[in-house]
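> Let's see this in three dimensions:
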Amino acid sequence: MKFLDITNTVFNNIDASQHMEFDHEKLFYCEDNATGLKSIVAIHSSKEGPAIGGCRFRHYQTYEEGLTDVLRLSRGMTEKNKAANIPFGGGKAIIFGDRPKSTELLQAFALFLNYLEGAYYSAEDIGISLEDIKLVGKHTPYVFDNVDPGSYTAKGIYYSIESALKFYLHKTIKDSVISIQGAGSVGSQLAKLLADTGATIYIQDIDRSKLDYLDAHNINIVENALTQECDLLAPCAVGGIFTQSSIKNLGCKIIAGGANNQLLTQNIDNALYKQGVHYVPDVLINSGGVIGLTKDILNRSELNVEDDLKLIGTRALNSMIYAKTNSMSILDAMNRF
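Predicted structure coming up:
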């Protein structure tokens, strides 16, 4: 098993410090031939405290694709934790899904976290369940395995959607049509929250097994959530889905969802603005998960947490007001706010 600091060195023919997404403090790589573990931990910032962020288990076509993903995701965690006003920095881990996930592989990942000695705390993410993190937590103290963060993320997005529909369309959730991409932990729980409030819901996921149990909640399954005619689109799967090409066929008036790094490039924000689509940035509204994860260590009650989740919607509304008043996108407003 080998551990490497690859912050300022050439690894796999790539100098990460010269990568266009690099503005990070530290970058580490771990490989274990016995279990098949290949993992990168990116620490974007520890200015506010130890870096925290989920671990993503995913198949990447190349090492560079994985590196780009972890660099972007970890930067997003810094912004997200700052938005949540919690005393932690931003970090992220990825595990290359070249081999099937196994108990031994997760145990090896725990040793990687131990090697970092608390510089980074991990949690669940795409491909890594709460049960997986609990298993990792048997071998390392450097995880948050107390709650499913998806329910808290979904609640913060719910309040933000409520604000966006009222501000832009003068509608309540009950009167609205909402399309959701992704039926994972966040997407499925968001769908149920919205459907229980009376919204008409359309949802898409490439894994059809995730959609079966949603039928009981009067939720409609579609092939393409992005092009579905709706009031609001909530992306809750992978990032990079909005490109110059894909935004031409959007069926929504507002975008507000939980997926990280939804814009392939930052200039897509201006393209959406010119197109008349109101994009509510993910880092502004998907911080509910870290609020839930850190509630115990910060001694926050569930009542305190609920107030914090409602505040996400209030902050989103304030950014919308500022954006409209100053004739700019919400992302530009958030950066100035």
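
> for the residue most central in space within the chain, what are its contacts?
In the chain, the residue lying closest to the centroid (C-alpha atoms, centre = their mean) is Asn260, at 3.7 Å. Contact analysis of Asn260 by C-beta atoms under 8 Å, 6 or more residues apart in numbering lists Arg72, Leu73, Gly76, Gly239, Asp282, Val283, Asn286. Every residue, glycine included, has its C-beta placed from N, CA and C.

> how does it look with 6 Å?
When contacts are counted by C-beta atoms under 6 Å, 6 or more residues apart in numbering, Asn260 is found next to Leu73, Gly76, Gly239, Asp282.

> Put together CSV for the residues you listed, with neighbour count and secondary structure on each row.
As requested, the contacts of Asn260 are exported to CSV (neighbours: other C-beta atoms under 10 Å; DSSP: H, G, I helix; E, B strand; the rest coil):
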residue, neighbour count, secondary structure
Leu73, 26, helix
Gly76, 21, helix
Gly239, 18, coil
Asp282, 25, helix
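
> Which of those residues sits closest to Phe167?
Here the nearest of the contacts of Asn260 to Phe167, counting by C-beta to C-beta, is Asp282; it sits at 17.9 Å.

> doesn't Arg58 make contact with Gly97?
Yes: counting by C-beta atoms under 6 Å, Gly97 does reach Arg58; the two are 5.3 Å apart.

> returning to that earlier point: from the contacts of Asn260, which has minimum pLDDT?
For these, the model is least confident at Gly239; its pLDDT is 90.

> so that residue touches Asn261, yeah?
Yes: taking contacts as C-beta under 6 Å, Gly239 lies within contact range of Asn261: 3.4 Å.

> Which elements pack onto the helix ranked longest in the chain?
As far as residue count goes, and with DSSP state H defining each element, the longest helix of the chain is helix 302-325. For helix 302-325, the packing partners by 3 or more C-beta pairs under 6 Å, 6 or more residues apart in numbering; DSSP states H and E come out as helix 149-164, helix 282-285, helix 288-293, helix 330-336.

> Could you identify which of those is most buried?
The highest mean neighbour count among those belongs to helix 288-293 (a mean of 28), with neighbours defined as mean count of other C-beta atoms under 10 Å.

> and the protein, what are its domains?
Domain segmentation of the chain under automatic domain parsing yields 2-137, 149-336.

> now for the ones you listed, which one comes closest to Val143?
Using C-beta to C-beta, the nearest of these to Val143 is domain 2-137, at 4.5 Å.
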